[in-house]
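Peer 1: Predicted model and sequence follow; I will ask about them next.
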Amino acid sequence: MNSITHIKQKIRELLQEATEQKTLPASIEVSLKTNTKKSFGDLSCNAALVLAKVLQLNPRDIAQKIVTAITDFQERNPQDLFSRCVGTVEIAGPGFINITLSAQGWQHIAQEFFTLRH
């Protein structure tokens with residue numbers, strides 16, 4: 001599994017945990033998109049916005065729960081690939097989650113890229 005897929009999967013798991021859902025509806029798609037503006041981090045996730053519609057809750061509140069779940073996970077599991085790849089996580093706008101990859105995360109992604117090319 002590549003780094004981005006692992007990050008996406010882990011966010012989905014933490015989203016489920018943070019919102020105390022036994023299972024997430026199949027319609028909840030965790031999308032990670034690259035940001036063109038450096039001030040928005042490297043990746044942006046709209047999962048809180050999508051889930052807010054389903055649960056009829058404030059998306060920023062859901063985003064805050066996700067960010068807290070992410071930082072708690074990183075503290076408990078510092079050697080996990082997710083923890084090593086994700087640097088900072090911030091809430092932006094109505095509930096987007098902006099992720100800045102760590103230097104180690106970028107190294108891991110570059111290594112995967114070069115491995116795939118050969």
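Peer 2: It's in. Numbering: from 1, shown residues only.

Peer 1: how about the strands of the protein, start to end?
Peer 2: Along the chain, the segments classed as strands by DSSP state E run 32-34, 43-45, 86-92, 96-101.

Peer 1: mind showing which ranges of the protein have poor pLDDT?
Peer 2: Where the chain drops to pLDDT under 70, the residues are 1, 21-28, 117-118.

Peer 1: can you give me the helices for it?
Peer 2: 3-18, 47-55, 59-76, 81-85, 103-117 (DSSP state H).

Peer 1: centre of the chain versus the third one, how much separation?
Peer 2: This means helix 59-76. Relative to the chain's own centre, helix 59-76 is displaced by 9 Å; criterion: Cα atoms, centre = their mean, to the nearest Å.

Peer 1: do the shortest one as well
Peer 2: Shown here is helix 81-85, whose average C-alpha point lies 11 Å from the average C-alpha point of the whole chain (Cα atoms, centre = their mean).

Peer 1: Mind listing what's buried along that helix?
Peer 2: Using 16 or more other Cβ atoms under 10 Å as the test for burial, helix 81-85 gives 81, 82, 83, 84, 85. Where C-beta positions appear, they are placed from N, C-alpha and C, glycine not excepted.

Peer 1: Please tell me how far the second one sits from residue 56.
Peer 2: Just to be clear, that refers to residue 82. Going from residue 82 to residue 56 by Cβ to Cβ, to the nearest Å gives 29 Å.

Peer 1: Check residue 105 too.
Peer 2: The spacing between residue 105 and residue 56, counted by Cβ to Cβ, is 34 Å.

Peer 1: Give the residue from those two that has the larger number of neighbours.
Peer 2: Higher neighbour count among residue 105 and residue 56: residue 105, with 23 against 6, using other Cβ atoms under 10 Å.
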